[in-house]
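Asks: next come a sequence and a model predicted from it.
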Amino acid sequence: MTRPLVSVRDLRVTLGGRPVLVGVDADLARGKITALIGLNGSGKTTLLRALVREYPSRGDIRFHCGHDHTHPTPEHIGYVPQKLALDARLPLTVRDFLALALSRRPLFFGIPKAVTDKIRKQLTRVGMTDHVDTPVEGLSGGQLQRVLLALALEPQPELLLLDEPAAGIDFKDQQKFYDLIAELNRSTGVTVLLVSHELSMVSRYAHHVLCLRDGAIQCQGTPHEILTPGVLAQTFGTDMQQFLHHHAH
Ligand SMILES: Nc1ncnc2c1ncn2[C@@H]1O[C@H](COP(=O)(O)OP(=O)(O)OP(=O)(O)O)[C@@H](O)[C@H]1O
């Protein structure tokens, strides 16, 4: 295997006095899509937030990309969170929302041409040019995810973290979103770590799967190795058999 982009060793995170990650060991293969799966509360979001240094952690997170990632809000990492920390009923257009984030200055100064150009370029990459004048509150769940992805891609990251990027999106839009991620991965070589509960998407799009259980990696491998009833039961418990059975019918 080529040298991983990120290696995590004995990563521990305690939140509110409770150990949430209890010694995570994992490598993120450079230029590949890694899926992180596990039950609700197993620590998936916590792992992503530890990678962007939003949560203090113990143990070792090492980036092998030549950039310094020891500071908070490290560069070259794009992060699409599971939930917006702000109200999605923003009375702002997509253009204004992106301009605020990209130019980091108040809108009443107007939007500089360079920022307008950047916004157009980023919206083109995510297939959202038709929505530049749409209010953020008028976007569907899938469209909002694309706008957040556009933001995460500027500047071009080496690592893209996606936390349940397609949750609440219908199957067709989900597939289109994953197609877009796969295309970005191929064309830019960006390394992707994505949290997903959609095992059919994991099977189709991930190169590697990490299974988190109770704050530690329970198993890992290719989708082919991991997405079997026996292995999944180790991560999700034996109820998984029933779950698979239901979904197969
Ligand atoms: N700020 C916090 N303070 C205390 N406990 C927290 C905090 N954030 C998360 N936790 C707890 O840590 C555990 C792991 O949460 P996390 O959000 O990482 O799980 P997850 O695997 O992403 O779950 P889900 O699939 O529901 O998104 C949960 O039990 C949660 O209640």
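Replies: Great, that's in hand. Residues are numbered from 1 along each chain as shown.
Asks: interface residues of this protein facing the ligand?
Replies: The chain has residues 15-16, 18, 20, 38, 40-46, 82 near the ligand, with proximity defined as CB under 6 Å from any ligand atom. Bear in mind the C-beta positions are built from the backbone N, C-alpha and C, glycine included.
Asks: biggest helix in this protein by residues?
Replies: helix 171-188 (DSSP state H).
Asks: and the strands in the chain?
Replies: For the chain, strands defined by DSSP state E occupy the ranges 6-15, 18-28, 33-37, 58-63, 77-80, 159-163, 191-195, 208-213, 216-221.
Asks: coming back round to it: could you give the average pLDDT over the longest helix of the chain?
Replies: Averaged across helix 171-188, the pLDDT comes to 93.
Asks: and it, what other elements does it pack with?
Replies: Applying 3 or more CB pairs under 8 Å, 6 or more residues apart in numbering; DSSP states H and E, one finds that helix 171-188 contacts strand 33-37, helix 141-152, strand 159-163, strand 191-195, helix 199-205.
Asks: tell me which residue is most central in the protein.
Replies: Among the residues of the chain, the smallest C-alpha distance to the mean C-alpha position (CA atoms, centre = their mean) belongs to L162, namely 0.8 Å.
Asks: any idea how far that one is from V195?
Replies: The span separating L162 from V195 equals 7 Å under the rule CB to CB, to the nearest Å.
Asks: any low-confidence regions in this structure?
Replies: Applying pLDDT under 70 to the chain picks out residues 1, 66-75, 83-88, 106-107, 238-249.
Asks: okay, now the domains of it?
Replies: The chain is divided into the following domains under automatic domain parsing: 6-84+156-248, 89-138.
Asks: most packed of those domains?
Replies: For the domains of the chain, average neighbour numbers computed from mean count of other CB atoms under 10 Å are highest in domain 6-84+156-248, which has a mean of 17.
Asks: for A150, which of the strands of the chain is the nearest?
Replies: strand 77-80 (9.8 Å; CB to CB).
Asks: and the closest residue to L102 other than its chain neighbours, how far from C219?
Replies: On the basis of CB to CB, 6 or more residues apart in numbering, the spatially nearest residue to L102 that is not a chain neighbour turns out to be V115, at 5.5 Å. Taken as CB to CB, the spacing of V115 relative to C219 amounts to 45 Å.
Asks: now R186
Replies: R186 sits 27 Å away from C219, going by CB to CB.
Asks: wait, doesn't L123 sit right on H131?
Replies: Yes. Between L123 and H131 a contact is recorded at 7.2 Å, counting by CB atoms under 8 Å.
Asks: next up, the contacts around E158.
Replies: Contacts were defined as CB atoms under 8 Å, 6 or more residues apart in numbering; by that measure E158 touches 5, 65, 67, 76-77, 190-191.
Asks: ok, now Q218?
Replies: Taking CB under 8 Å, 6+ apart as the criterion, Q218 is in contact with 38, 211-212, 234-235.
Asks: can you rerun that using 7 Å?
Replies: When contacts are counted by CB atoms under 7 Å, 6 or more residues apart in numbering, Q218 touches 211-212, 234-235.
Asks: check L227 too.
Replies: 199, 202-203.
Asks: repeat that with 6 Å
Replies: Taking CB atoms under 6 Å, 6 or more residues apart in numbering, we find L227 in contact with 199, 203.
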